[in-house]
Every structure is written in structure tokens, then in C-alpha cells.
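J.: pasting the structure only:
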């Protein structure tokens, strides 16, 4: 009996809450309809912008990238970077004019690599850092290019950090040992032989079967000779 009364009490409370909710909905029906309508308009507007602006922009950017890749593959870095004055605007312009597209983002990386190959390290850094990526194939190489730029500019701490990040992100036996060795060589150059040993040891521990890993012991021994 007591249980039945308790259940009825709980049911009454629930009905009361539902009734209150229904009253609130009824009293605020107009406001709710306005909010729903606004949400629909926002979604529809976004889809329209995507369909009539972003997709065409992406297509145009990809077309420009295709032209630029031809010059890039021919090592024509100046033309690839700045365009040919005719039918190709250059990776810099693609990156700037189509910044909201995937192709425009990729153009940042290409522009940075071109600038690096032309000896313009500061400009290269500007575009390489503007590239936004997280994949384990292309992005580590962008980080390594950043390391190269810093090394050329004499900023060895930043260079070492970039190479270590590149190695960690790549996490493979092909490129990670290369990046780690670059970082270790810089550590030796800076006189931080303990750090160099640590980096060489990481190659030995994680990538022993790589080309560099098979030969890394001599670098470890060389660095140990300089530890004080």
C-alpha cells in the first residue's frame, strides 16, 4: 500500500513537471518558433555559402595548384612561388587569395619550400608556419623544413626542437632517424654532447634497423668522447 502511494506521488510530481513544461512551451511558442526559424536560416545559409562560394573557391585553388606543381617538379621555384605573369598566379597568391580552402592551405607549404630553395629563410618560415596539417606523412616534412630554415638562420635551439617534433610526428624508420640525426648534429655543434647522445640513443632504441640506426654507434661513441 505504501509503495502504491509512493508511486502515485512520484507520478503526480512527474505530471506536474510535464504540465509546467507544456505551459512554458505554450507561453513561449512564438519565441521558440523564432529560434527554430533562425537556426534553419543559419543552416541553409551555411549550405548556400558552401555550395556557391567555398566549393567553387576550392576548385579554383586546386586548378592553380595543379599549374604550380608542374613548375615545382621542374625545380622552377621562382615561377612556382610568384607565378609566370600569365596563366599562373604563384603559390604565394594561391595561399593568400584562397586561404579558406584546403588547396590554399597546401599552397602555404609549397610556397615555403620554394622560398627555402631560393634562400629566403624568413619568408619560407612565414609560409611553412601558416600551413595547418596533422598527417603523419607530409606534415613532418614541413616541420623538418622549418628546422632547416632555423638552422640556416643560426637559431639552433628552434631548429633542434623542430627536428625532434618532426621525428616524433613521423614515427617511422624512413624519416624519423634522419630528423633525429639532424637534431643530434646540431646538439653537437652547440656543445651539448649529452643531448646528442640522448638523440643518437633514441635512434638506436627505436630505429635500429634503419640505415642510420645500423651505423649510429659510432656517432654515440664520438659524442661520448666529448662529454666532460
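T.: Ah, there it is. Fair warning: this is a prediction, and the values are worked out from it, not measured in the lab.

J.: contacting residues for the residue nearest to residue 79 when sequence neighbours are not counted?
T.: Of all residues not flanking residue 79 in the chain, residue 71 sits nearest, at 4.6 Å (C-beta to C-beta, 6 or more residues apart in numbering). (Each C-beta comes from the backbone N, C-alpha and C, glycine too.) Taking C-beta atoms under 8 Å, 6 or more residues apart in numbering, we find residue 71 in contact with 77, 79-80, 84, 88.

J.: per-domain residue ranges of the protein.
T.: 12-132, 135-228 (automatic domain parsing).

J.: Could you say which of these is packed most deeply?
T.: domain 135-228 (a mean of 18; mean count of other C-beta atoms under 10 Å).

J.: Averaged pLDDT, that one. What do you get?
T.: On average, the pLDDT along domain 135-228 is 93.

J.: now stretch 65-77
T.: On average, stretch 65-77 scores 88.

J.: Make residue 1 into 48 and carry on from there
T.: Sure thing, new numbering starts at 48, so read that last one as stretch 112-124.

J.: sorry, back to before: would JSON lines of the contacts of residue 118 with distance to residue 257 and secondary structure be doable?
T.: Listed next are the contacts of residue 118 as JSON lines, based on distance: C-beta to C-beta, whole Å; DSSP: H, G, I helix; E, B strand; the rest coil:
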{"residue": "124", "distance to residue 257": "30", "secondary structure": "helix"}
{"residue": "126", "distance to residue 257": "36", "secondary structure": "helix"}
{"residue": "127", "distance to residue 257": "32", "secondary structure": "helix"}
{"residue": "131", "distance to residue 257": "41", "secondary structure": "coil"}
{"residue": "135", "distance to residue 257": "39", "secondary structure": "coil"}
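
J.: three-state assignment of the residue nearest to residue 126?
T.: helix (DSSP: H, G, I helix; E, B strand; the rest coil).

J.: Give me the distance between the spatially most central residue of the chain and residue 146.
T.: The residue lying closest to the centre of the chain (C-alpha atoms, centre = their mean) is residue 180, at 2.1 Å. Residue 180 sits at a distance of 15 Å from residue 146 (criterion: C-beta to C-beta, to the nearest Å).

J.: ditto for residue 220
T.: For residue 220, the distance to residue 146 - C-beta to C-beta - is 36 Å.

J.: Repeat that for residue 108.
T.: Applying C-beta to C-beta to residue 108 and residue 146 gives a distance of 9 Å.

J.: repeat for residue 140
T.: Using C-beta to C-beta, residue 140 is found at 11 Å from residue 146.

J.: just residue 173 next, same as before
T.: Residue 173 is 13 Å from residue 146, by C-beta to C-beta.

J.: same check, this time on residue 236
T.: Spatial separation of residue 236 from residue 146 under the definition C-beta to C-beta is 37 Å.

J.: How about residue 118?
T.: Separation of residue 118 from residue 146 (C-beta to C-beta): 21 Å.

J.: Quick one: the helices in this protein, in order.
T.: 49-74, 76-96, 102-120, 124-129, 138-144, 149-164, 168-177, 185-199, 203-217, 223-236, 240-253, 264-273 (DSSP state H).

J.: Figure out how far the fourth one is from the centre of its chain.
T.: Just to be clear, that refers to helix 124-129. 23 Å (C-alpha atoms, centre = their mean, to the nearest Å).
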